[in-house]
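Engineer: what would the 3D arrangement of this be:
(chains A and B)
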Number of protein chains: 2
Amino acid sequence: MEIILAKKYGFCFGVKRAIKIAEKSPNSSTTGPLIHNNEEINRLKNNFNVTTLKDISTIEPNQKAIIRTHGITKQDFFSLKAKNVDLIDATCPYVTNLQKICEKMSEEGYDIVIFGDENHPEVKGAKSYVKSRVIVILNVDELRRVNLNNKIAVVSQTTRKIDEFSKIIDFLIRCKKEVRVFNTICNATFDNQEAAKNLAKKADVMLVIGGKNSSNTKQLLIISKEFCENSYLVENEQELEKSWFEGKKICGITAGASTPDWIIAKIISKLREIKV
Amino acid sequence: MEIILAKKYGFCFGVKRAIKIAEKSPNSSTTGPLIHNNEEINRLKNNFNVTTLKDISTIEPNQKAIIRTHGITKQDFFSLKAKNVDLIDATCPYVTNLQKICEKMSEEGYDIVIFGDENHPEVKGAKSYVKSRVIVILNVDELRRVNLNNKIAVVSQTTRKIDEFSKIIDFLIRCKKEVRVFNTICNATFDNQEAAKNLAKKADVMLVIGGKNSSNTKQLLIISKEFCENSYLVENEQELEKSWFEGKKICGITAGASTPDWIIAKIISKLREIKV
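Structural biologist: Numbers count the residues shown, from 1 in each chain, chains lettered A, B, ... in the order given. Below is the predicted model of the structure:
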């Protein structure tokens, strides 16, 4: 049986990068959970003594702190600097880009509209870089209630959907003279879905690896099933059943955005043992 | 009978302004028809000796030339200047704004997308101010065939519809990192329609003044009829029929974008004579 991995699966670029940074910074603390995956956070703690700070203010001066993928606020950044904390930046570069756009556009006199959830740490961080007027909205109705200048710069939380973003833009261009649109959306999740779909079309059996409570993993299962009825969601190698693979020529593999490569590797290894 | 004029009707701001400029510049020539209305052009010729140049190159040095509402190309501007022609600028300020945006954004390194008809003089003029890459498109399909940079500035011919413009923007924001949208659409036509609608709702009889072959005038008639069945399109005061107004309390008046105020004034004057 041939095993084919989806063209895109699992961790996004920003998460992979953050983990590499953490592995190279043993005995440090992260500003909140580095990523949203407990098994991986435990691994970093056990293997590299990288711990998680619940409250940034508890860090001792001169310690090492890793800024997590979502970034931190400018205020937190400077308060850590003031404490002489050794800061290691694992902010996703897409998030850093968002922060920089917010800062630059506000310096150029634009009102900033952030499409996103104001309680999300990424949005809190981006917002903190705005020096002019900023509003955070999740839909056009919220936007309707605000008075804004004629020069608007619009950005998006990196994980939002482009269709929703487009509705915000449509509203703004109808009433504002200049709307400067920065598509700061990262397509990793959607790329994983697209790749799963393409692979499922040619696979005889599909394995979707990830948490059974992970919404993006479940979404991958739904998409896979649509094109390959023999699709299975598994969390680890113990769940594999030999009968799934009997008589099958191609086994496709995809994984949720919170699934580390080492779990995928274990599953592939087990698949090879099954030898159907 | 009460006569009420629509809140917006007839000539737009840019056309009114151009005519005033022409009246103050007797014995001059205009670079092509000043506006799209022959009666008004004849009036300017008869009363002010303002003639129309069919070909810009035919103008003699040191003569006076009025730049028409749609503007001219940068090349034509400089060739007239080189001839020492005394240039009087009646370009609609909304069109001048469009030209300036094209020039400035191309200087800042943006590829320029103009939503409009490439054969229209306004678009030819705007395009001539672009120093970088420029493409003129009328729909998304045309846009799909072009390779563009990641930094795009988008403008529109002033008379285009915002819904169509929005589709172009929607396409661009999905594939480009920065889309700088300038809503250069002038709402004069749509404002006339909105005002006609509001007036028709309370009028007993509506007069729509304008050319019977004018598409925007016919559009006003359709809108008026929807809310006031006694709506009539007239080109001049001779066409008024007394019976239309008998027993009516409110007569609403609107006029197409190419209808000069003096034609409207003649009709109002005749209406007062009718005295119903």
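
Engineer: those strands in chain A, which residues are they?
Structural biologist: Here chain A has its strands, by DSSP state E, at A:2-5, A:29-31, A:51-53, A:64-67, A:86-89, A:111-115, A:134-137, A:151-156, A:178-182, A:205-209, A:231-234, A:250-255.

Engineer: do you know which of the ones you listed lies nearest chain B?
Structural biologist: Among those, the nearest to chain B by C-beta to the nearest C-beta is strand A:178-182 (4.5 Å). (Glycine included, C-beta is placed from N, CA and C.)

Engineer: how about the residues of the stretch 151-276 of chain A by chain B?
Structural biologist: Where proximity means C-beta under 8 Å from any C-beta of the partner chain, the interface of the stretch 151-276 of chain A facing chain B comprises A:162, A:165-166, A:169-170, A:173-174, A:176-183.

Engineer: I'd like the strands of chain A as CSV, with mean pLDDT and mean neighbour count appended.
Structural biologist: As requested, those are exported to CSV (pLDDT from 0 to 100; neighbours: other C-beta atoms under 10 Å in any protein chain shown):
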stretch, mean pLDDT, mean neighbour count
strand A:2-5, 95, 13
strand A:29-31, 94, 25
strand A:51-53, 93, 16
strand A:64-67, 96, 22
strand A:86-89, 96, 15
strand A:111-115, 97, 24
strand A:134-137, 97, 20
strand A:151-156, 97, 25
strand A:178-182, 98, 24
strand A:205-209, 97, 26
strand A:231-234, 96, 20
strand A:250-255, 96, 24
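
Engineer: which one of those lies closest to B:Leu143?
Structural biologist: strand A:178-182 (15.5 Å; C-beta to C-beta).

Engineer: if you count contacts, what does that closest one end up packed against?
Structural biologist: Here strand A:178-182 touches helix A:93-107, strand A:151-156, helix A:162-175, strand B:178-182, going by 3 or more C-beta pairs under 8 Å, 6 or more residues apart in numbering or on different chains; DSSP states H and E.

Engineer: strand partners (parallel or antiparallel) of the shortest one?
Structural biologist: Here strand B:178-182 is paired, per DSSP bridges, with strand A:178-182 (antiparallel), strand B:151-156 (parallel).

Engineer: can you list the low-confidence ranges for the stretch 151-276 of chain A?
Structural biologist: Counting by pLDDT under 70, the ranges of the stretch 151-276 of chain A that qualify are A:275-276.

Engineer: surely A:Leu143 and A:Ile168 touch.
Structural biologist: Yes - the pair A:Leu143 / A:Ile168 is scored as a contact, 6.5 Å apart, by C-beta atoms under 8 Å.

Engineer: what is in contact with those two at once?
Structural biologist: Residues touching both A:Leu143 and A:Ile168 by C-beta atoms under 8 Å, 6 or more residues apart in numbering or on different chains: A:113, A:137.

Engineer: okay, those two: which has more neighbours?
Structural biologist: Shown here are A:Leu143 and A:Ile168; by other C-beta atoms under 10 Å in any protein chain shown, A:Ile168 has more neighbours (23 against 20).

Engineer: list the contacts of A:Ser128.
Structural biologist: Contacts of A:Ser128 (C-beta under 8 Å, 6+ apart): A:73-75.

Engineer: got the contact list for the residue lying closest to A:Lys249 once chain neighbours are set aside?
Structural biologist: Of all residues not flanking A:Lys249 in the chain, A:Asp204 sits nearest, at 5.5 Å (C-beta to C-beta, 6 or more residues apart in numbering or on different chains). Residues counted as contacts of A:Asp204 (C-beta under 8 Å, 6+ apart) are A:228, A:230, A:248-251.

Engineer: mind redoing it with 7 Å?
Structural biologist: Residues near A:Asp204 by C-beta atoms under 7 Å, 6 or more residues apart in numbering or on different chains: A:230, A:248-250.

Engineer: ok, and the most crowded of these?
Structural biologist: Using other C-beta under 10 Å as the neighbour criterion, A:Asn230 leads these with 17 neighbours.

Engineer: how much space separates it from A:Gly32?
Structural biologist: Distance of A:Asn230 to A:Gly32, computed by C-beta to C-beta, to the nearest Å: 40 Å.

Engineer: now do A:Thr51
Structural biologist: 12 Å.

Engineer: so how many other residues sit close to A:Asn37?
Structural biologist: Applying other C-beta under 10 Å, we find 22 other residues in the vicinity of A:Asn37.

Engineer: does it touch A:Gly256 like I think?
Structural biologist: No - shown here, A:Asn37 and A:Gly256 do not form a contact pair, counting by C-beta atoms under 7 Å, at 9.4 Å.

Engineer: so for A:Lys64, what's the nearest residue that isn't a sequence neighbour?
Structural biologist: A:Ser28 (3.7 Å).

Engineer: try A:Val50
Structural biologist: A:Leu44 (4.2 Å).

Engineer: swap in A:His36?
Structural biologist: Ranked by C-beta to C-beta, 6+ apart and with sequence neighbours excluded, the top spatial neighbour of A:His36 is A:Ser258, at 5.7 Å.

Engineer: give the contact list for that neighbour.
Structural biologist: A:36-37, A:210-211, A:214.

Engineer: neighbours of the residue in the stretch 1-150 of chain A that chain B sits nearest to, how many?
Structural biologist: Closest residue of the stretch 1-150 of chain A to chain B, C-beta to the nearest C-beta: A:Ile101 (8.6 Å). Neighbours of A:Ile101 under the rule other C-beta under 10 Å: 23.

Engineer: I'd say it and A:Phe182 touch.
Structural biologist: Yes - under the criterion of C-beta under 7 Å, A:Ile101 makes contact with A:Phe182 at 5.0 Å.

Engineer: which residues are in contact with both of those two?
Structural biologist: Shared between the contact lists of A:Ile101 and A:Phe182 (criterion: C-beta under 7 Å, 6+ apart) are residues A:Val155.

Engineer: about what we covered before: the residue nearest to A:Lys64 touches A:Asn62, doesn't it?
Structural biologist: No - checked against C-beta under 7 Å, the pair A:Ser28 and A:Asn62 is beyond contact range at 12.0 Å.

Engineer: give me the more crowded residue out of the two.
Structural biologist: A:Ser28 (23 against 9).

Engineer: now A:Pro33: closest residue in space, sequence neighbours ignored.
Structural biologist: Using C-beta to C-beta, 6+ apart and skipping residues adjacent in sequence, the residue nearest A:Pro33 is A:Thr52, 5.5 Å away.

Engineer: quick check: phi and psi at the residue at the greatest distance from the centre of chain A.
Structural biologist: Using C-alpha atoms, centre = their mean, the residue of chain A lying farthest from its centre is A:Gly247. It sits 36.9 Å away. Main-chain torsions, A:Gly247, degrees, to the nearest 10: phi 70, psi 10.

Engineer: from A:Val205, how far out is it?
Structural biologist: Distance of A:Gly247 to A:Val205, computed by C-beta to C-beta: 10 Å.

Engineer: for the stretch 1-150 of chain A, which segments count as helices?
Structural biologist: In the stretch 1-150 of chain A, the helices defined using DSSP state H, counting those that start in this stretch lie at A:13-23, A:38-48, A:74-82, A:93-107, A:121-128, A:140-144.

Engineer: give me the contacts around the longest one.
Structural biologist: If I follow you right, that is helix A:93-107. A:14, A:69-71, A:112, A:122, A:125-126, A:129-132, A:153, A:155, A:158, A:180, A:182, A:184, A:186.
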